[in-house]
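**Q** Generate a structure from the sequence data that follows.
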Amino acid sequence: MRFCGMGAAPMFAFKKKILWLILICTFMTALVVGSVSLFMSVRRVQQDSDKELMLRCEKSAADVNAVLTEIRHSVEFGYRQVLDGVQLKPEMLDDEAALRAFTNVLEDRIVAQAQYTTGCVAVYVRYDLSLPVDGFFYTRGRRGVLAKHEMTPMEQYDASDIEHVGWYYEPVRAGRAIWTAPYENKNINLCMISYVIPIFYEGRTVGVIGMDIDFAYLSNFVMNLRVYDNGYAFVTYGDKFVIHRDFPFNTSADVNPELRDFALMLAKPYEEQETLGEYTYQWETKRFARKLLDSDMNLFLCAPSSEIYADTNNLMYKLIMVIVCSIVVVLLVMNGVLNRFLRLATRDSLTGLPNRERFSIFFDREQATPKEYGFFLMDIDKFKRINDTFGHEEGDRVLCRVADALRHIKEGGMVARWGGDEFVGLLPIEEIDARLAALCEEIASVDDKRYGRFSVSIGVCAADKKLSLIEMTRAADDGMYQSKRRQGCSVTQVETARPS
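**A** Predicted coordinates for the structure are as follows:
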């Protein structure tokens, strides 16, 4: 009998490690591919969500700008009337009667235009204090009709008094048409912005022409903008809130510690017309879209990030479930493949019994336990003659017959095909004699119509915990050859010889 120098157990352990490495690599590949796919998909959906928020902001800003544009066009219409339509002449500036007549015609035209201008709450032409005529000033009453209002006594206020005369001095100082900063007009006690064009004629300051928009009108529009379920819109100018559901008019953003991030964003100048960003308010992270309005105010649309990215979160959950399910499927398939490989690697393909590798692992494991076993080695007598006389197919049938008989005695231990026509087994010590006797009896009862009867020779010994499998096999091999000297199925008990 030939014995291998290298143990089967280390070789099997090496194969098992290779299979586990393949399984882990497959799992990691699925995990990495799934994670990258998840990241790219979520990022794309987030970008789409941000684009949707910005598109909503752009549309809302366009609606606000439509009101501002209508006001601007009306004021520009009046300005053209001053210079072209009614023909202002230099000599009129110091002639009270001529200037008043000019102003009356101008008044009719401009007030008629302003009456149907959306959002207009007041319209005026105010002449410089050096001229003999003040101008005119109309405000919209409760019924929506523009009515004449008393003129502001400008001589009573300093040019720096924004709330009373800022609407006049700011555009004159700028030397061009401007939208004023949002302010509270103390003359009529309204929060507003004004579009004002200064009138200069032949190097002389004539005055201003302008219209006012009541912030209540803009506030109603902005506050009624629907921004998802829990979002809202607000308007800022510089670092102040001018329209906000939680803060009064012209409230600085840094008054609330929860808005520090937002205050810092407002403090830096925006170069872009629109911006997407994020801030924290009331302990909640929010996303916002900003659009610059024609009046240099900023319209913001904001909503909780969780709501804006609701589709993203849903997609993420679904993708995670798909990835997890895919990984589970991969693991199950790979586990099945691994088990299949392990079965192929540890079972004899002909008889279905464990092979030498599987038996070696079992033997090494049981040697470390206190349980007592008996070890046997068995081969089929004159097996070569069966192969040569009846063919290898019949020889295979004999091997399978022996394997079936061995399965009947394996309870509590293990039997395996060792190689060729040899079989080994490890059985409970107290039952091994009876089981081997039953095995011999079963094999002896076989009388096949082709190859007739056959017998086996068995060598058996007590499994010594201090001996290796090769040493045990050598001892049992001696007993097996002693059994061959006798005719028929025979079992020979031998003693194990410990190495010196």
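**Q** all helices for the stretch 401-500 of the chain, in order.
**A** 432-444, 469-484 (DSSP state H, counting those that start in this stretch).
**Q** wait, which of the ones you listed is closest to Leu264?
**A** Closest of the helices of the stretch 401-500 of the chain to Leu264 is helix 469-484, at 75.6 Å (criterion: Cβ to Cβ). Placement of C-beta: from N, CA and C, glycine included.
**Q** Who are the packing partners of the closest one?
**A** Judged by 3 or more Cβ pairs under 8 Å, 6 or more residues apart in numbering; DSSP states H and E, the packing partners of helix 469-484 are helix 356-367, strand 373-380, strand 456-462, strand 490-493.
**Q** Tell me the buried residues in the first one?
**A** Pointing back at helix 356-367 there. With burial defined by 16 or more other Cβ atoms under 10 Å, the residues of helix 356-367 counted as buried are Arg356, Glu357, Arg358, Phe359, Ser360, Ile361, Phe362, Phe363, Glu366, Gln367.
**Q** and if you look at stretch 297-315?
**A** 297-305, 307-309, 312-313, 315.
**Q** now do stretch 432-447
**A** When burial is assessed from 16+ other Cβ under 10 Å, stretch 432-447 yields the following buried residues: Ile432, Arg435, Leu436, Leu439, Cys440, Glu442, Ile443, Val446.
**Q** Isn't the third one up against Gly459?
**A** What that stands for is Leu436. No - counting by Cβ atoms under 8 Å, Leu436 does not reach Gly459; the two are 10.3 Å apart.
**Q** Which of the buried residues of stretch 432-447 sits closest to Val491?
**A** For the buried residues of stretch 432-447, the closest approach to Val491 (Cβ to Cβ) belongs to Leu436, at 5.0 Å.
**Q** What's the separation between the closest residue in space to that closest one that isn't next to it in sequence and Tyr309?
**A** Computed as Cβ to Cβ, 6 or more residues apart in numbering, the closest residue to Leu436 that is not its neighbour in sequence is Val491, at 5.0 Å. Applying Cβ to Cβ, to the nearest Å, the value for Val491 to Tyr309 is 77 Å.
**Q** Same check on Val67?
**A** 32 Å.
**Q** Ser490 too?
**A** Distance from Ser490 to Tyr309, by Cβ to Cβ: 81 Å.
**Q** Check Gly336 too.
**A** Distance, Gly336 to Tyr309, by Cβ to Cβ: 39 Å.
**Q** same deal with Lys466?
**A** For Lys466, the distance to Tyr309 - Cβ to Cβ - is 68 Å.
**Q** and what of Ala476?
**A** For Ala476, the distance to Tyr309 - Cβ to Cβ - is 72 Å.
**Q** what do you get for Ile24?
**A** From Ile24 over to Tyr309 the distance is 34 Å, taken as Cβ to Cβ.
**Q** Ok, Arg126 next?
**A** Arg126 sits at a distance of 51 Å from Tyr309 (criterion: Cβ to Cβ).
**Q** cool, Ala405 as well?
**A** Distance, Ala405 to Tyr309, by Cβ to Cβ: 69 Å.
**Q** Same question for Pro182.
**A** 33 Å.
**Q** Can you show me the helices along the stretch 151-300 of the chain?
**A** Along the stretch 151-300 of the chain, the segments classed as helices by DSSP H, counting those that start in this stretch run 162-174, 215-223, 260-267.
**Q** now the buried residues of helix 356-367 in a markdown table, with pLDDT and distance to Arg143?
**A** Shown next, in a markdown table, are the buried residues of helix 356-367 (pLDDT from 0 to 100; distance: Cβ to Cβ, whole Å):
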| residue | pLDDT | distance to Arg143 |
| --- | --- | --- |
| Arg356 | 87 | 107 |
| Glu357 | 85 | 102 |
| Arg358 | 87 | 101 |
| Phe359 | 90 | 106 |
| Ser360 | 89 | 105 |
| Ile361 | 87 | 100 |
| Phe362 | 90 | 102 |
| Phe363 | 91 | 107 |
| Glu366 | 89 | 105 |
| Gln367 | 87 | 107 |
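**Q** check contacts around the closest residue to Gln493 other than its chain neighbours.
**A** Spatially, and ignoring its direct neighbours in sequence, Gln493 is nearest to Val460 (5.5 Å; Cβ to Cβ, 6+ apart). Val460 makes contact with 374-377, 432-433, 436, 476, 479, 491-494, according to Cβ atoms under 8 Å, 6 or more residues apart in numbering.
**Q** The helix or strand harbouring Met321 - what's its average pLDDT?
**A** Secondary-structure assignment from DSSP states H and E places Met321 in helix 310-346. Average pLDDT, helix 310-346: 70.
**Q** for stretch 28-45, same thing?
**A** 69.
**Q** What count of nearby residues applies to the closest residue to Gly78 other than its chain neighbours?
**A** Excluding the flanking residues, the one nearest Gly78 by Cβ to Cβ, 6+ apart is Ile110, at 4.2 Å. When neighbours are counted by other Cβ atoms under 10 Å, Ile110 registers 26.
**Q** ok, now how distant is the residue nearest to Glu163 when sequence neighbours are not counted from Val165?
**A** Nearest non-adjacent residue to Glu163, counting by Cβ to Cβ, 6+ apart: Lys186, 4.4 Å away. Look at Lys186 and Val165: by Cβ to Cβ, they are 10 Å apart.
**Q** between the two, who's got more neighbours?
**A** Ranked by neighbour count (other Cβ under 10 Å), Lys186 and Val165 place Val165 first, with 21 against 14.
**Q** Looks like that one contacts Gln156 (just checking).
**A** No - judged on Cβ under 8 Å, Val165 makes no contact with Gln156 at a distance of 9.0 Å.
**Q** and the residue nearest to Thr275 when sequence neighbours are not counted, what does it touch?
**A** Once flanking residues are discounted, Thr275 sits nearest to Arg290: 4.3 Å by Cβ to Cβ, 6+ apart. By Cβ under 8 Å, 6+ apart, the residues touching Arg290 are Cys57, Tyr270, Glu274, Thr275, Leu276, Gly277, Asn298, Leu299, Phe300.
**Q** let's see it at 10 Å
**A** 54, 57, 61, 236, 265-266, 270, 272-277, 298-302 (Cβ atoms under 10 Å, 6 or more residues apart in numbering).
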